[in-house]
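Colleague: could you look at this predicted model? Sequence included:
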Amino acid sequence: MDKRKLIGILIIIIGLIALIGIIYVVFFYNFTAKPKEVSQDKEPVQQSKVISTQKQPQELSDSAIITAKINQSGKIKVTEDDLKRMAAAFAERFGSYSNQSDYGNMRGLKIFMSKKMQAWADDFIKQDRAKKIKTSIYYGITTKAIAQEVNKFDKSTGQAEILVKAQRREAIGTANNATTFYQDIIVRFIREKDIWKVDQAEWQ
């Protein structure tokens, strides 16, 4: 056979193979598929689990503790320790605020207040807003409960009084420019429609 014919046949065969390869790549190869990598697949899942567990302590904050306890009706036993924890959590949230937070501490706690205290909070916010206090210079207080004492706990009448001893930090201008002082607060509870609610919170 002539060498030229042989070379021509080889060229045609190679061309056909290349054409088949091109057709396969274009029509059948899955470009979106990624190779399975065990370490890379598992790492994001583990990271998401870490993130979710890190959020849990924040979600179980003061307000969550109050929610868990204060929503118990009178038919479920509420102990003095329960009210002490509720009072401490309420005092921390109630006593932590700034002149730039738009009374978020009170508005966020209204669900845990009796009707009488809700009316008091609404009136306080209304009167304080009317003063139109300047908020260009930051002012804020953070409160941390350090001890609680039961002054009164009467299940029959649905009344209780808890003394909360608190550490407070007052900041002016910046959060770093803070001074620490100690102050007590009396938190009084009533059982309203079989639910324990804060009826009064009075700083001493």
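Modeller: Thanks, I have it.

Colleague: wait, A201 sits on I186?
Modeller: Yes: counting by C-beta atoms under 8 Å, A201 touches I186, with 7.3 Å between them. In short, each C-beta sits where N, CA and C put it, glycine included.

Colleague: and these two? which has more neighbours close in?
Modeller: Set A201 next to I186 and count neighbours by other C-beta atoms under 10 Å: A201 wins out with 22 against 16.

Colleague: mind listing the residues bridging to the more buried one?
Modeller: V187 (DSSP bridges).

Colleague: what sits against it?
Modeller: F90, A91, F94, M117, I185, I186, V187, R188 (C-beta atoms under 8 Å, 6 or more residues apart in numbering).

Colleague: give me the buried subset of the residues you listed.
Modeller: For those, a burial check counting by 16 or more other C-beta atoms under 10 Å picks out F90, A91, F94, M117, I185, I186, V187, R188.

Colleague: quick check, pLDDT for the third one.
Modeller: This means F94. pLDDT for F94: 95.

Colleague: not counting residues beside it along the chain, what's closest to it?
Modeller: A201 (5.5 Å; C-beta to C-beta, 6 or more residues apart in numbering).

Colleague: look up how far M117 lies from the one you found.
Modeller: From A201 across to M117, the span is 8 Å (C-beta to C-beta, to the nearest Å).
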